[in-house]
Every structure is written in C-alpha cells, then in structure tokens.
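Peer 1: Quick one, fold the following:
(3 chains)
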Amino acid sequence: MDLNFIEKYAPMYVEATGLTLRLGFIGIGFSLVIGLICSFLLYYKTPVLQKIAACYIELSRNTPLLVQLFFLYFGLPKLGIMISSEGCAIIGLSFLGGSYMAEAFRSGLEAIEKSQVEAGLSVGLNHGQVMRYVVLPQALSISVPALCANVIFLIKETSVFSAVALADLMFVAKDLIGLYYKTDEALFMLVVAYMIILLPISIMAAVLEWRLRYAGFGN
Amino acid sequence: MQGLGINVLFMGNNLPRLLEGLLITMKISLLAVALSIVLGTLLGMVMTLRNPVTRCLTKVYFEFNRIMPQLVMLFLVYFGLTKLFGINLSGQVSAVVVFTLWGTAEMGDLVRGALISIPKHQYESGAAIGMTKLQNYRYVIIPQTLRRLIPLAINLTTRMIKTTALIVLIGVVEVLKTGQQIIEANRYTVPTAALWIYGTIFFLYFFTCWPISILAGRLERKWQN
Amino acid sequence: MLKRNEPLLEIRHLRKNYDANDVLNDISLDICKGEVVVVVGPSGCGKSTLLRCINGLEPIQSGEILLDGLPITDGKKKWSEIRQKIGMVFQSYDLFPHMTVLDNIILGPTKVQGRKREAAAKSAEKLLERIGLLDKKDAYPRQLSGGQKQRVAIVRALVMEPAIMLFDEVTAALDPEMVREVLDVMLELARSGSTMLIVTHEMQFAKAVANRVIFMDGGEIVESSSPEEFFLQPKTDRARRFLNIFNFEK
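Peer 2: Sure, this is the predicted structure:
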C-alpha cells in the first residue's frame, strides 16, 4: 500500500467527507420537518392533506433516490427549472427522507393511548397543548430508534450524489482509480472515510436508545 | 413544432428497451434475493449458536454490511477484486455478489430475530406430544417463523430492487443507462426527452415496487395473530 | 351567585346513541352544590358514558347540559374552558408517565390557567400533603402503586379548583388493599363540601358517601333516592335484582 499516495490525497477525501456530511445533515433536517408535518396530517386525519401526505409517502418510498436525482437534475431543466447540484441533492434526500421520518413519527404518535389524550383534555388543555405537553414527548421517545435508523440510512444514501456532478467520496475514489490506478489505496481510504462517518453515528444512536429506554422525562 | 416530448417513448423501440433494462434490474435483484434467502436462513441459524467466535464473526459481518453504503461495496467488488485477484467480474456479477452479501446479512438478522421471538415453550410443546426434534421444527417452529419472516423478506425485496438502480454507476446497462442512451440518441429530435424518460423510469420503479409492498402489508396484517 | 338550592349541574333530556343503539335515553338529572351523587348500575347501562358526555369527551345527539346556569353543550363555549370547571378522574388514572408527580399536577394550572409555577406548586403540595403523598412529589408515576397513582390523579383534578368532580369507577382497576386509601380520600372530599358525581361498584362506600343514589339500567335512570331508601327498600324490581348480585346466601 502506497502510503505516500494516501498522504497526498487524503485531503481530497476530507473535503468530500465534509460535503457529504453537510448536505446529508441539511437533508436530514428537512426530512425531520417534512416527516413531522406528514405524521401530524396522518394522525389528525386532516381531510385533503392526509391523502396527499399518504400519496407522497408511497411515491417516495417505492422509488430509488438515484432515479429521483436524475429526474431533478436532468429532467426538470427541460421544463425550465434549473436546480444546482447541491440543490438537487438536498431536495432529493429530503423528499426520500421525509417519508421515512413520517413513518417513524407516526408510529410513535399512534402508540400513545387515547386515554392519555383524554386525561390531558380533562385538565383543560386544548388539543394543541395536549400534543405539545402530553403526546409528543412520549411519542418522540418511542420514535427514537426508528429515527436513528433513518439517519444512518440517509447518510448511506448520500453516496449517490456523484450522479449529479458533486465531488463526493465516490467521485473522488473513482477519479483516483481512473487517473492513477491506485485502486487499493483509493478504496481503502473510501472505506475508512465511511467508517469514520458512520461508526460514531451508529454508536451514538445505540447509546441514545439505551438511555431513553431507562430514563424518564422531566419537564 | 414538435409534439410533446412524451412521443420519444413511442418512437422506435424505446419503450421496450426501457422495459428490457428494467428486466435486467429485476433479474439481478431477484437472483440476489433468492440467494440471500437461502444463505440468510443458514446464517440466521448460525447466529443463534452460543459459540462466541461465530457470534463475533457474524456480528462483524452484519455490522459491516449495515454501515457500508451498498455503492461502496459495489466499488470494492467491481474495482477492488479485479485488482486483488486479477479476476474480471462484470458489473452484473459484481452486483449479484454485493447484493447477496448484503441480503444474506439482513436475512440472517431477520431469521435470528424470528427464531428468538418464538416463545420457548413452543420448542417444548412438540416434544410433549411425542414429536421428534425434527418434526417439531417442521410442523411447529418453521410455519410460525415463516409467518413472521415473509412480510419482512418481501420488504427486503423492494429495498433490493431500489438499490439495484445503483449499478448504473458501475456501468451496467440497465434501465437508467438505457434511458441515457435514448436521450443521447434523440438529443436533437426530442430535446425534452430527459424529462419524459426519467419521469417514466420513476413510475416504472414505482409500479414495480408498490404492488410488492402492498402485498407485504396485506400478508403482515393477515398473519398478525 | 348560586344559592344553596340552585342546581350546579343540570342535565336535561340527554340522548346519546352509537349508530343505531341508544346508549343514553332521555336522561335528566340535577346536582346541587355540595351534593354527592352516586350512580350505580349493571355494566353497559351507560353510567360511564354519562360522565363522558358531561365532560365533552363524547358528543350528544340531543338534550342539553347546563353548568352554573349556562349551557355547555350548545357548542358556543370552548371545552377547554368548560373542563376547567369539571374535574374528572378515570379508572385507568392516566398520569403522564414522562412527568414527575408534581409536574403532572401543575401542568393544568400553569398551562391552562396561567398560574405561576411557584404558586401552583404550593397549591399542589398542600393537596399532596392532605392525601399524605407529599414525599412522592418528585417521583415518577412508574414508581408509585396503583392506589397512590389514583390519589395523585384525584389531586391533579382538584388543583384546578373545579366546581364539580366526576369519578368514573376509579377503584375498579385497583388491587383490593389499595381501594380503601382512595375511597378514604373521596370520603374526606365529600365531608369538606365538594360537589361530586361518582360512578362506582363499591356499595358500602356508596352508602357511606352519597347524599343521593341514582340507579341506571339500559341507558335510563330507573331510580333516584336517598341511600337508605335505595339500599334497604328499592322501589323497582330491576333495582332489587341488581342489589341481589351483592348479597350471598350462606
């Protein structure tokens, strides 16, 4: 293994890692917001919007991110809508992630018994307050395992960003292999990079789950 | 003035070519799923053994597959193995290898989970009415395990079909690549082809995966006793 | 200002059905301030539903309910305001598991009534002391026994200073040893002049606490009398048959 090569090109990997993490976390952020909104629509069974949310979830869960990105990046410009590479990446990831987060939130909300809602209402809380102080705190702690799994899933999905001309980790690796034939080194750094990104997140998720399982809440 | 770009679908044999590309995707994923089910079941049974060495090895295998993006695995096999062993695997074969490795890990975990979720006394109840251990497995344990597994396995199938889209990035000619070819060929005749082609591919995937996931949902509800 | 004999809660010709079934059929009932009314009857006779209708947890098809002389079922007032005047304790206590006992109790006063946290905590602690659970104020519900949880649930309703308290079979889910501690709290409340509407199976308790006993069957009020009259000399056959369930011949 050519250590000089590794030393020389490691900065490229670092930069690509930064890009991946940045876009990944923005996408995850939007996914959480979209997911929370959709879960409320499904939980409260809001007339028209509920159906729209349900359709969105089905569409987004049954199509690959790569296809969504191709459509956004190559297809939409034909309608005159030009979105940058980064924009496409974020939109695509959020579109995909939103439905996964929605499912996670929804199952948390539905796990809370109706009697908890009634107890809250009986003390004079309105529906918004019941959601905010009674249901949501409990629902969130139930959703955490699924939410964490989704975060890991979405970070893995960022590996397709090179398809929309972003200099992400896969792009760097492929480039180096093509230019210098240093396949072993390039792939080694690739694996290390993803390990560095995902192992800590994976461990943090496990710790978070463990702590929430044994702690109560205090407001 | 050209008609709507959607015409590109009906020109020549574009649509059949797209469908052929989808067929390649399906073949690869279904083959990988089939292999994963067989190997995964074996792995799952191995994972329930109390041997610390097997526990450690299987855990590492599982976690590696869980953490590494499948695209990275594809690169490792397609580019890496070629260099390492001098063998030249085609994109398609690499894909089958990678997805089988991934699918086996997931199935193994599912099988392990299903096996330990069966209440202990089910293992004993068969013996109580005189069945041999093998018969107990066949008539009591395995049907219950299957009921828990099949919806989850079908769910894995849809995920695998979607992930197979990645193989376009290692040069395999499947539906996305075919789409690109069509768009290139019609660059001047149908400039808006990209919109329609990729839109169509989007819905091709949707109408392939959606019925399968509905089936999984129905089975899960039906067997939730 | 209500005079002693003016009804605090008036229920007039209440009707409720689920699909085609009549759950409550022309119920009319008045409760005066300071009165303790106990409702008894076989399962499914509608007694829980009656309480839930009063508190707006179930919609009604016809009839009206007035609290303090003002209608509450005409849809003009917000239930979140009305429910501040009606305290309800459920069979399954339903304390909020993610909050301490104290937080459970002061959630209402602080978020709904806008009272300051320190003041609300003081009221809460006074009430907790009254029922003997002040030392548990920082505990979580999962650390309490069923009887303790139910007593906290009563305090959670009381701290809102409601005009009337509704109790829906609050001891039915408790182990026998813990029933007594809850009933004692309710007795003490009754003696201190609270207006209470209690649904219960505990006949001895009903005899001791009630000013009036209502017997319901099949969604109707069949009898309404003083506890002495009801338990010793029930007027109707159905009441007699119901009471016999509780008598065992040796």
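
Peer 1: any weak-confidence spans in the chain?
Peer 2: If you meant another chain, say so; for now it's chain A. Along chain A, the model assigns pLDDT under 70 to residues A:213-219.

Peer 1: meant chain C, my bad for not saying
Peer 2: C:1-5, C:249-250.

Peer 1: now the helices for it?
Peer 2: Here chain C has its helices, by DSSP state H, at C:47-54, C:79-82, C:101-111, C:117-130, C:146-158, C:176-191, C:203-209, C:227-232, C:237-244.

Peer 1: got JSON lines for these, with distance to chain B too?
Peer 2: (Glycine included, C-beta is placed from N, CA and C.) Below are those laid out as JSON lines (distance: least, Cβ to the nearest Cβ, whole Å):
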{"stretch": "helix C:47-54", "distance to chain B": "30"}
{"stretch": "helix C:79-82", "distance to chain B": "35"}
{"stretch": "helix C:101-111", "distance to chain B": "34"}
{"stretch": "helix C:117-130", "distance to chain B": "43"}
{"stretch": "helix C:146-158", "distance to chain B": "28"}
{"stretch": "helix C:176-191", "distance to chain B": "31"}
{"stretch": "helix C:203-209", "distance to chain B": "41"}
{"stretch": "helix C:227-232", "distance to chain B": "47"}
{"stretch": "helix C:237-244", "distance to chain B": "38"}
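
Peer 1: want to try TSV for those helices, with mean neighbour count as columns?
Peer 2: Below are the helices of chain C laid out as TSV (neighbours: other Cβ atoms under 10 Å in any protein chain shown):
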stretch	mean neighbour count
helix C:47-54	23
helix C:79-82	17
helix C:101-111	23
helix C:117-130	16
helix C:146-158	24
helix C:176-191	17
helix C:203-209	17
helix C:227-232	16
helix C:237-244	15
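
Peer 1: Of those, which is nearest B:Ala165?
Peer 2: B:Ala165 lies closest, by Cβ to Cβ, to one member of these: helix C:101-111, at 49.1 Å.

Peer 1: how about the helices of chain C in a markdown table, adding distance to A:Val192?
Peer 2: Shown next, in a markdown table, are the helices of chain C (distance: least, Cβ to Cβ, whole Å):
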| stretch | distance to A:Val192 |
| --- | --- |
| helix C:47-54 | 61 |
| helix C:79-82 | 57 |
| helix C:101-111 | 47 |
| helix C:117-130 | 51 |
| helix C:146-158 | 53 |
| helix C:176-191 | 60 |
| helix C:203-209 | 71 |
| helix C:227-232 | 80 |
| helix C:237-244 | 77 |
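
Peer 1: how about the nearest residue to C:Leu189, chain neighbours excluded?
Peer 2: Nearest non-adjacent residue to C:Leu189, counting by Cβ to Cβ, 6 or more residues apart in numbering or on different chains: C:Met196, 6.7 Å away.

Peer 1: what does A:Phe161 give?
Peer 2: Nearest residue to A:Phe161, sequence neighbours excluded (Cβ to Cβ, 6+ apart): A:Asp168, at 4.4 Å.

Peer 1: Can you report how many residues lie near residue 88?
Peer 2: In the absence of a named chain, this looks at chain A. For A:Cys88, the neighbour count with other Cβ atoms under 10 Å in any protein chain shown is 24.

Peer 1: nope, chain C
Peer 2: Neighbours of C:Met88 under the rule other Cβ under 10 Å: 26.

Peer 1: which residues are contacting stretch B:65-80?
Peer 2: In this structure, residues lying in contact with stretch B:65-80 by Cβ atoms under 8 Å, 6 or more residues apart in numbering or on different chains are A:152, A:156-160, A:170, A:173-174, A:177, A:183-184, A:187, A:190-191, A:194-195, A:198-199, A:202, B:89, B:91, B:94-95, B:97-99, B:101-102, B:105-106, B:163, B:166-167, B:169-170.
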